[in-house]
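S.K.: one predicted model, sequence on top.
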Amino acid sequence: MEVNYCDVCKKAVENPIPTRTFFRVADIDICESCKDDLDVAIKHTVRGKQPFDFGWYDEYSMKVLREGVQKGKILLKR
Ligand SMILES: [Zn+2]
């Protein structure tokens, strides 16, 4: 059985399915629930950002992710 560990919450994901139950962003592996949190965290910030810019988007995703790896969870700013 294959097991991958989420770099953010450290949870084990058994038999990970890439892009379905397990995601790799740059050099960081994340589980489905952390990916959901990441999407929410980014969406919330992107809404107030005009015009939309992919360079900024990628940079921001990485910043949120690296903070998540340090803190053990993705921070949702509300
Ligand atoms: Zn996780």
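M.R.: Looks like it arrived, so ask away. Keep in mind it's a predicted model, so treat the numbers as computed, not measured. Numbering: from 1, shown residues only.

S.K.: so how far is the ion from Ile17?
M.R.: 15 Å (C-beta to the ion, to the nearest Å). All C-beta atoms are positioned from the backbone trio N, CA, C, and that covers glycine.

S.K.: model confidence score at that residue, please.
M.R.: On pLDDT, Ile17 comes in at 96.

S.K.: residues in contact with Val40?
M.R.: Leu76 (C-beta atoms under 8 Å, 6 or more residues apart in numbering).

S.K.: tell me which element it is part of?
M.R.: Val40 belongs to helix 32-46 when assigned by DSSP states H and E.

S.K.: the helix or strand just after that helix and the ion in contact?
M.R.: With elements assigned by DSSP H and E, the helix or strand that comes after helix 32-46 is helix 54-71. No: if you take C-beta under 5 Å from the ion as the test, helix 54-71 misses the ion, and the best it gets is 8.4 Å.

S.K.: same for helix 54-71, what does it pack against?
M.R.: With contacts taken as 3 or more C-beta pairs under 8 Å, 6 or more residues apart in numbering; DSSP states H and E, helix 54-71 sits against strand 22-25, strand 28-31, helix 32-46.

S.K.: alpha carbons of stretch 7-25, as CSV, please.
M.R.: The C-alpha trace of stretch 7-25 is given here as CSV (Å, rounded to 0.1, in the frame of the first residue of the first chain):
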residue,chain,number,x,y,z
ASP,A,7,3.3,18.5,4.2
VAL,A,8,0.8,20.9,5.8
CYS,A,9,-1.3,18.9,8.3
LYS,A,10,1.1,15.8,8.3
LYS,A,11,-1.9,13.5,7.8
ALA,A,12,-1.3,10.2,6.0
VAL,A,13,-3.2,9.7,2.7
GLU,A,14,-3.4,6.0,1.8
ASN,A,15,-3.3,5.1,-1.9
PRO,A,16,-3.1,8.7,-2.9
ILE,A,17,-4.7,9.6,-6.3
PRO,A,18,-2.8,12.6,-7.8
THR,A,19,-5.1,15.6,-8.4
ARG,A,20,-8.0,13.8,-6.7
THR,A,21,-7.0,13.0,-3.1
PHE,A,22,-3.5,14.3,-3.2
PHE,A,23,-2.0,17.4,-4.7
ARG,A,24,1.5,18.6,-5.4
VAL,A,25,2.2,22.3,-5.7
